[in-house]
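Trainee: model the structure of this input:
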Amino acid sequence: MDDDPDDPGEPGEPGEPGLSERPDIAAAADTGPPVGGSPVGRRVFLGLVGLGAAGVLLGAQAQDWLERVVGPFISKDGTGLASLLPVGRFRIYTVTGDLPSRSRADWKLKVGGLVDQPFELSYDELVAMPATNLTRDFQCVTGWRVPDVEWRGVQLSRLLDRAGVQPGAKALRLHSFDGEYTESLTLAQARRDDVIAAYRFEGDELSDEHGGPVRLYVAPMYGYKSIKWLDGIELTKRVHPGYWEELGYDVDGWIGRSNGRDDSPV
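Mentor: Numbers count the residues shown, from 1 in each chain. Coordinates of the predicted model:
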């Protein structure tokens with residue numbers, strides 16, 4: 001598969017189930033809808049509606065505040081209904097029913113598997129590496145899109161070069177410190193210039209609700225490929241389908257060319 005950053009590559013294999021074939025999971029987005037937790041009560045729900053409407057009226061600064069304050073409540077809503085509210089520009093999701101958190105001092109990234117030199121990286125060490133800035137849209141597989149999002153991080157290819165990828169490695173398995181979520185990329189996809197381990201978002205440090213301290217950002221793919229709360233990169237012989245891919249999402253989640261959708265590419 002071509003790893004030219006201007007080439008979105010090839011779609012998933014024929015016959016791979018997409019969203020149109022799995023309506024039971026069509027409500028997932030970003031890193032999936034909330035699972036477990038307690039439903040948001042009627043009074044709280046109505047309050048969130050009012051806050052969401054205020055955020056839309058007051059602009060981006062108010063919306064960002066709402067994402068930080070209301071996001072944790074939405075992530076604990078077992079019904080998933082709260083995620084439909086107009087709270088901020090993004091919808092905040094977690095597959096575990098809570099909002100994982102790890103301090104920058106405690107965060108570590110482990111890179112291993114089929115590599116010559118496995119290593120562990122601290123947050124400060126990651127930030128000290130050469131950085132890449134990207135301003136791209138964020139496209140959710142359920143249809144919502146946030147334009148011109150500013151990201152800063154380290155190209156995944158730099159981490160792979162540091163580890164020394166062995167000839168037998170063909171793919172990456174990515175791990176989240178939420179203990180549940182995984183994702184995958186082929187080696188060619190991971191080496192694209194627009195795939196980064198992101199630690200800054202819209203000019204600020206990446207918050208818990210947006211997957212901090214570090215998350216993946218895969219610009220040309222749907223949001224579920226950009227795994228939140230990243231803490232592990234494992235080089236493997238083959239692609240291991242990720243959390244939502246096991247439930248029917250396309251493994252190759254190219255925007256506009258997978259999951260039965262026709263969104264404009266990023």
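Trainee: so where is this protein shaky, pLDDT-wise?
Mentor: Applying pLDDT under 70 to the chain flags the ranges 1-88.
Trainee: quick check: domain ranges of it?
Mentor: According to automatic domain parsing, the chain comprises the domains 42-84, 100-247.
Trainee: out of those domains, which is the most enclosed?
Mentor: domain 100-247 (a mean of 19; mean count of other C-beta atoms under 10 Å). For the C-beta atoms, the positions are set from N, CA and C on the backbone; glycine is no exception.
Trainee: could you export the domains of the chain as a markdown table, including distance to residue 266?
Mentor: Output for the domains of the chain, formatted as a markdown table (distance: least, C-beta to C-beta, whole Å):
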| stretch | distance to residue 266 |
| --- | --- |
| domain 42-84 | 20 |
| domain 100-247 | 5 |
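Trainee: looking at those, which is closest to residue 94?
Mentor: Nearest to residue 94 among the domains of the chain is domain 42-84; the distance by C-beta to C-beta comes to 4.5 Å.
Trainee: for whichever strand or helix holds residue 162, C-alpha coordinates in CSV please.
Mentor: Following DSSP states H and E, one finds residue 162 within helix 156-163. Extracted in CSV, the C-alpha atoms of helix 156-163 (Å, rounded to 0.1, in the frame of the first residue of the first chain):
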residue,chain,number,x,y,z
LEU,A,156,4.8,7.8,14.2
SER,A,157,7.5,7.0,11.6
ARG,A,158,10.1,8.6,13.9
LEU,A,159,9.2,6.3,16.7
LEU,A,160,9.4,3.3,14.4
ASP,A,161,12.8,4.3,13.1
ARG,A,162,14.1,4.7,16.7
ALA,A,163,12.9,1.2,17.5
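Trainee: what lines up beside whichever helix or strand comes after that helix in the sheet?
Mentor: Counting by DSSP H and E, the next helix or strand C-terminal to helix 156-163 is strand 171-176. According to DSSP bridges, strand 171-176 forms sheet pairs with strand 182-186 (antiparallel), strand 230-236 (antiparallel).
Trainee: on that earlier part again, and the contacts of the helix holding residue 162?
Mentor: 109, 111-112, 115-119, 121, 129-130, 172, 185, 187, 190-193, 195-197, 216, 233, 235 (C-beta atoms under 8 Å, 6 or more residues apart in numbering).
Trainee: just those residues: which are in strands?
Mentor: 109, 111-112, 119, 121, 172, 185, 195-197, 216, 233, 235 (DSSP state E).
Trainee: which one of those is nearest to residue 147?
Mentor: Out of those, the member with the shortest distance to residue 147 (by C-beta to C-beta) is residue 196, at 18.5 Å.
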